[in-house]
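K.L.:
Quick check, what structure comes out for this input:
(2 chains)
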Protein chains: 2
Amino acid sequence: MKSDLDEIMQAQDIDALLVTGAGIHNPAMVYFIGTGVHISAADVIKKRGEPAILFHGPMERDEAAKTGLVTRSYANYSAKELFKQAGGDQARVEALMYKSMLQDAGVSKGRVALYGQIEFGKGIALCETIEALVPQISFVRMMRDDLLARAMSTKDVKEIEQIREIGRITTRVVARVADYLTGQKVHDEMLVDKKGDPIQVKDIKKKINVWLAEEGAENPEGTIFAIGKDGGIPHSAGNGADILRVGVPIVFDIFPCQAGGGYFYDFTRTWCLSYAPEVVHKLYGQVRSVYETIIAELEANQLFVKYQRRACELFEAMGHVTVMTNPETEEGYVHSLGHGVGLHVQEIPFSRLYGPMDGRLISGTVFTIEPGLYYPSKEVGVRLEDTYWVTPEGKIEKLVDYPMDLVLPITV
Amino acid sequence: MKSDLDEIMQAQDIDALLVTGAGIHNPAMVYFIGTGVHISAADVIKKRGEPAILFHGPMERDEAAKTGLVTRSYANYSAKELFKQAGGDQARVEALMYKSMLQDAGVSKGRVALYGQIEFGKGIALCETIEALVPQISFVRMMRDDLLARAMSTKDVKEIEQIREIGRITTRVVARVADYLTGQKVHDEMLVDKKGDPIQVKDIKKKINVWLAEEGAENPEGTIFAIGKDGGIPHSAGNGADILRVGVPIVFDIFPCQAGGGYFYDFTRTWCLSYAPEVVHKLYGQVRSVYETIIAELEANQLFVKYQRRACELFEAMGHVTVMTNPETEEGYVHSLGHGVGLHVQEIPFSRLYGPMDGRLISGTVFTIEPGLYYPSKEVGVRLEDTYWVTPEGKIEKLVDYPMDLVLPITV
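P.N.:
Numbering: from 1, shown residues only, chains lettered A, B, ... in the order given. Just a heads-up that it's a prediction; the model follows:
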């Protein structure tokens, strides 16, 4: 967590961090400036052992002050002067400015790690131009063990409360969707509104956006509300023109954050309106059983991938193909068991079978458990997902409760 | 515009473009895949003279198909195999994958320009690792004249319609805010709701978010609703706890896009509830007069900065300090006249006095005109802003009309 940052920097021999980019929807930046700050573009320089400094546009001084960080306006670095000094070369103007900002933060040499969302080509040009100007500084490109990702992957009590709060908002919105669906009429197997018009996926998505906004939340990465075959493809967002029908499974995966950017929550339910066909019932039962077995077996400090292997074993024993035996399969259990959640909707630790495998469920980790089964050829997908965390005492705790029922009875 | 891309690539000796990152809130990516596509991360490779190819996760194949691009799943590049080949080095795994994707797109040598939002350090590592693997390819870091930004800066008819549509949504929401404000009661100089509770800035912001969501729009970069002193600082988003009072100027700057990311619109009005004090009236009159003079003088194909200079002259003749004589001033006319608008809320051309000055108002350009005056010490700021475009015939046209009135009379 954030309080470990200096120690992790020390262990990895990093002298400073340079974080750049927008003030919202830019997790590394939000980690330092906090949520709900309206800054269009900024830089944070944190020297090891010292407080982070926020560099900001002069017009954004009031927003910058809200962060509680040490602040310094770009107006201290005269654009006119630098433009002259750089002979009109824009990349050099920026590099000269960074040189001064690094100096003002006490960073004139050493290993500096780079963070934040930037434009690909321009970011590389900037980094290389600064390096040419200040050869005493070397920028660390990519760490095998990314230090900021590592710090961010364990949450302190304040962060847990923010995640739990967005989790409460998420489940309240999910409950409103369920209430809305069960309160409609059915005509010709289709859900219809008061005027008798069939209800489409896009109608539901619009309601979700409005209800999230009413709760002070947003879903910057969209919402999955996928029915039938679309639900059989884990990342299909669903087709706006699809009509909701009784007995057709819906995969509803919602991952909002607070409006203006902030901590995410990640949550999925699979629903059938009115009744569930036999095939859906069976797959749902299997996913739920794997979900419950895994939850019962979860222990702190274990490798996350251990439970992905276990989920694969369990699904295979039920006769499903999984990514363990066929990594490219598009039917059966086709994805990973879960991932960390924080300022990124997906962050370390990951449970995937290939790639770095050192993700452990250590104290403070917030993560999803989301087994699923997918048979697009049978027009069905089932996934169940909740967000959990490892308490300081090493207990595994669900952040917010919500019923898991498959069938939503139509009450009208 | 997009149809010019091959020609611009040819003129700048670029053989291919590599665009990477998220599928939403990533302008370069959205430019190729279109709006409303839910893809969590993808790559687009466009070889000069050939259609762009979209590389996507296997679970996102349905969303990828919506783009109408040639598509290719990452499943064609076996993670297991590459992981073995790279000796477990994650940066090398990714670089090997890009090598294969570039090859499959017919790009085995030449100059490749890089685009898209990426993580700073990781992006540099990736670029350098690919270059080491494929020395025949050289990545172009930053162009003096950024080719994609140039293509994006002129809009075709379809893009203009999308921008006009979000402009209509924007002004409808602005009208709802005005109707809401003028329909409330006043008590002790404060605006109060039906229960008699004072109305705060955060109440208005929440309503704006809900009304935008109802219109299928969002404001991923926030909204400025800044009163009194906050309005005197151009980029202050406003203070949520501030209470709305009669006679206190409000700077309302709203820049939404379609939900899920897309083209932006940018719009500002300055309002006083019930009445405007003399000082506000006077500043408003001056800003409006400069706005109208500039609009009357605008001509296609001129340098944008010409009108920034003109605005400075006009304001200085009225006795205000401007950025032309004092680039660091925080009172008077403290910013630039306008900027391009598109998939970025701000993009080229810019009207700024320092920096590249070749931004011209050529046919297809969409841009803002937004003069303002700021006196935070007097607790007042005034800004007026509309979005214009240069038609194919070279006419300068406002995209959406909306009244400019300063005073909103309270009707209750």
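K.L.:
And the contacts of stretch A:290-299?
P.N.:
A:Tyr307, A:Arg310, A:Ala311, A:Leu314, A:Phe315, A:Leu337, A:Leu361, A:Ile369, A:Pro371, A:Leu384, A:Tyr388, A:Ile396 (C-beta atoms under 8 Å, 6 or more residues apart in numbering or on different chains). C-beta here means a position set from N, CA and C on the backbone, and glycine is covered the same way.
K.L.:
For the second one, what is the enclosing helix or strand?
P.N.:
Assignment of secondary structure by DSSP states H and E places A:Arg310 within helix A:304-317.
K.L.:
hmm, back to that, ok, so of the contacts of stretch A:290-299, who is nearest A:Leu273?
P.N.:
Checking these against A:Leu273 with C-beta to C-beta, the nearest one is A:Leu384 at 17.3 Å.
K.L.:
Could you find the closest non-adjacent residue to that closest one?
P.N.:
A:Tyr291 (5.1 Å; C-beta to C-beta, 6 or more residues apart in numbering or on different chains).
K.L.:
Over to A:Arg309?
P.N.:
Sequence neighbours aside, A:Met324 is the residue nearest to A:Arg309 in space, at 6.7 Å (criterion: C-beta to C-beta, 6+ apart).
K.L.:
Would you mind confirming that the one you found is in contact with A:Ala317?
P.N.:
No - at 11.9 Å, A:Met324 does not count as touching A:Ala317 under the criterion of C-beta atoms under 8 Å.
K.L.:
More neighbours: which of these two?
P.N.:
Legend: neighbour count by other C-beta atoms under 10 Å in any protein chain shown for A:Met324 and A:Ala317, higher for A:Met324 (16 against 9).
K.L.:
ok, that one - contacts?
P.N.:
Applying C-beta under 8 Å, 6+ apart to A:Met324 gives the contacts A:Arg309, A:Cys312, A:Glu313, A:Glu316, A:Leu353.
K.L.:
Tell me the spacing between it and A:Val290.
P.N.:
Separation of A:Met324 from A:Val290 (C-beta to C-beta, to the nearest Å) stands at 13 Å.
K.L.:
same question, A:Gln117
P.N.:
The gap separating A:Gln117 from A:Val290 is 36 Å, by C-beta to C-beta.
K.L.:
which non-adjacent residue is nearest the spatially most central residue of chain A?
P.N.:
By C-alpha atoms, centre = their mean, the mean C-alpha position of chain A lies nearest to A:Val345, the distance being 0.6 Å. Spatial nearest neighbour of A:Val345, excluding adjacent residues (C-beta to C-beta, 6+ apart): A:Phe264 at 4.4 Å.
K.L.:
from what I can see that neighbour touches A:Ile254, true?
P.N.:
No - A:Phe264 is not in contact with A:Ile254 according to C-beta under 8 Å; the separation is 10.2 Å.
K.L.:
So which of these two has more stuff around it?
P.N.:
The neighbour count for A:Phe264 versus A:Ile254, taken as other C-beta under 10 Å, is higher for A:Phe264 (29 against 23).
K.L.:
Please, where are all the helices along chain A?
P.N.:
Secondary structure of chain A by DSSP state H: the helices cover A:5-11, A:27-33, A:61-66, A:79-85, A:90-104, A:120-133, A:147-153, A:157-182, A:201-214, A:278-297, A:304-317.
K.L.:
any idea which of the ones you listed scores lowest on pLDDT?
P.N.:
For these, the weakest mean pLDDT is recorded on helix A:79-85, namely a mean of 79.
K.L.:
give the contact list for the closest residue in space to A:Gly359 that isn't next to it in sequence.
P.N.:
Spatially, and ignoring its direct neighbours in sequence, A:Gly359 is nearest to A:Pro349 (2.6 Å; C-beta to C-beta, 6+ apart). Residues counted as contacts of A:Pro349 (C-beta under 8 Å, 6+ apart) are A:Ser153, A:Phe304, A:His339, A:Gly340, A:Gly359, A:Arg360, A:Leu361, A:Thr365, A:Phe367.
K.L.:
how far away is A:Pro349 from chain B?
P.N.:
Distance, A:Pro349 to chain B, using C-beta to the nearest C-beta, to the nearest Å: 14 Å.
K.L.:
could I get stretch A:52-65 in PDB with only the CA atoms?
P.N.:
What follows is stretch A:52-65 as a C-alpha-only set of coordinates in PDB (Å, rounded to 0.1, in the frame of the first residue of the first chain):
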ATOM      1  CA  ALA A  52       5.300  13.800  -3.800                       C
ATOM      2  CA  ILE A  53       5.200  17.200  -5.600                       C
ATOM      3  CA  LEU A  54       2.300  18.000  -8.000                       C
ATOM      4  CA  PHE A  55       3.100  20.100 -11.000                       C
ATOM      5  CA  HIS A  56       0.000  21.700 -12.500                       C
ATOM      6  CA  GLY A  57      -1.300  24.300 -14.900                       C
ATOM      7  CA  PRO A  58      -1.600  27.800 -13.400                       C
ATOM      8  CA  MET A  59      -5.400  27.800 -14.100                       C
ATOM      9  CA  GLU A  60      -5.700  24.600 -12.100                       C
ATOM     10  CA  ARG A  61      -4.200  25.800  -8.900                       C
ATOM     11  CA  ASP A  62      -7.400  25.500  -6.900                       C
ATOM     12  CA  GLU A  63      -8.000  21.900  -8.000                       C
ATOM     13  CA  ALA A  64      -4.300  21.100  -7.300                       C
ATOM     14  CA  ALA A  65      -4.700  22.500  -3.800                       C
END
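K.L.:
Could you check it and say which residues are buried?
P.N.:
A:52-64 (16 or more other C-beta atoms under 10 Å in any protein chain shown).
K.L.:
Report the two of these separated the most.
P.N.:
Farthest pair in the buried residues of stretch A:52-65 (C-beta to C-beta) is A:Ala52 and A:Met59. Separation: 21.2 Å.
K.L.:
And for the residue nearest to A:Leu384, the neighbour number?
P.N.:
Counted by other C-beta under 10 Å, the residues lying close to A:Tyr291 total 22.
K.L.:
Distance check, it against B:Asn239.
P.N.:
To B:Asn239, A:Tyr291 is 45 Å away according to C-beta to C-beta.
K.L.:
Now do stretch A:216-230, average pLDDT.
P.N.:
Per-residue scores along stretch A:216-230 average to 91.
K.L.:
gap between it and the chain center?
P.N.:
14 Å (C-alpha atoms, centre = their mean, to the nearest Å).
K.L.:
anything in that stretch near chain B?
P.N.:
Yes - contact between stretch A:216-230 and chain B, assessed by C-beta under 8 Å from any C-beta of the partner chain, occurs at A:Gly216, A:Glu218, A:Pro220, A:Glu221, A:Gly222, A:Ile224, A:Asp230.
K.L.:
And that stretch, end to end?
P.N.:
Using C-alpha to C-alpha, to the nearest Å, the end-to-end distance of stretch A:216-230 comes out at 29 Å.
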